[in-house]
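Chemist: Starting from these lines, generate the structure:
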Amino acid sequence: MPPTTALFRTLFAPSDWSRLAPEVQRMHAEGRIVQASGEADVEGETHWLARLLRRLLTLPGPGAGQAIAVTIERHPTHECWSRRFLRGSMHSTLHAGNDGQLHERLGPATLRFALQRDGDAIDWQLLGVRLLGLPLPRALSGTVLSRSGMRDGRYVFDIDARLPLVGRLVAYRGWLEIEHVA
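Modeler: I've put the predicted structure just below:
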């Protein structure tokens, strides 16, 4: 099997990577398998369309103080992320696109992000969305605000995804402690 290179490290200039918080670097670069657990507050609209879209995209349901367990498996060309919340599991596959951006596949949708260092944290900027391989017009892609950093020695995350006509599809924020790196 070819050697595994941490995806996120390849998407940052070395000078930017070295300025990220230690727990951010550890979560996104160490080991072939990373396991972490923590807690997340999950919000989202409760109407039928939002519930349906969350199910299709494997996003968690709303609820405060949900236990979360995360496993990241690194492969030579991609990473598989599994996030198990109290109210649902979220699975995605991430890889570097030919455009040098991060591509994350969630069910039938693929999101394209530019990753930027913001202080010692990562700011994920949504550039586009494909649904079943077809590009969505920017007006239908909605917004995703996403940031991962460190606070009180823990990895922290804050994600907020909104869609036109749906409203807040999902927002989840919380913390993780890395338990195992192999």
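
Chemist: Which other helices and strands does the one helix or strand in the chain whose mean pLDDT sits lowest contact?
Modeler: Every helix and strand in the chain was compared by mean pLDDT, DSSP states H and E; the lowest is helix 138-141, with a mean of 87. Judged by 3 or more Cβ pairs under 8 Å, 6 or more residues apart in numbering; DSSP states H and E, helix 138-141 is in contact with strand 121-131. Quick note: C-beta positions are derived from backbone N, CA and C, even for glycine.

Chemist: tell me how far the helix or strand that comes right after the strand it packs on is from the chain's mean position?
Modeler: Downstream of strand 121-131, the next assigned helix or strand under DSSP states H and E is strand 134-135. Distance, stretch centre to chain centre, for strand 134-135: 21 Å (Cα atoms, centre = their mean, to the nearest Å).

Chemist: before we move on, the earlier item: any residues touching the least confident helix or strand of the chain, and which ones?
Modeler: 126, 128-129, 163-164 (Cβ atoms under 8 Å, 6 or more residues apart in numbering).

Chemist: who does the helix or strand containing residue 37 pair up with?
Modeler: Per DSSP H and E, residue 37 falls inside strand 33-43. Next to strand 33-43 in the sheet, as set by DSSP bridges, lie strand 63-74 (antiparallel), strand 167-181 (antiparallel).

Chemist: Report the inter-axis angle for the helix or strand just after that strand versus strand 33-43.
Modeler: Once strand 33-43 ends, the next helix or strand along the chain (criterion: DSSP H and E) is helix 48-56. Relative orientation of helix 48-56 and strand 33-43, computed by axes from the mean of the first three to the mean of the last three Cα atoms, to 10 degrees: 170 degrees.

Chemist: could I get helix 48-56 in CSV with only the CA atoms?
Modeler: Once non-C-alpha atoms are left out, helix 48-56 reads as follows in CSV (Å, rounded to 0.1, in the frame of the first residue of the first chain):
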residue,chain,number,x,y,z
TRP,A,48,-40.1,17.9,6.6
LEU,A,49,-37.8,19.2,3.9
ALA,A,50,-34.9,19.9,6.3
ARG,A,51,-35.4,16.5,7.9
LEU,A,52,-35.4,14.8,4.5
LEU,A,53,-32.3,16.6,3.3
ARG,A,54,-30.4,15.8,6.5
ARG,A,55,-31.2,12.1,6.0
LEU,A,56,-30.1,12.2,2.4
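
Chemist: Identify each buried residue in it, please.
Modeler: Buried positions in helix 48-56, judged by neighbour count with 16 or more other Cβ atoms under 10 Å: 50-51, 53-54.
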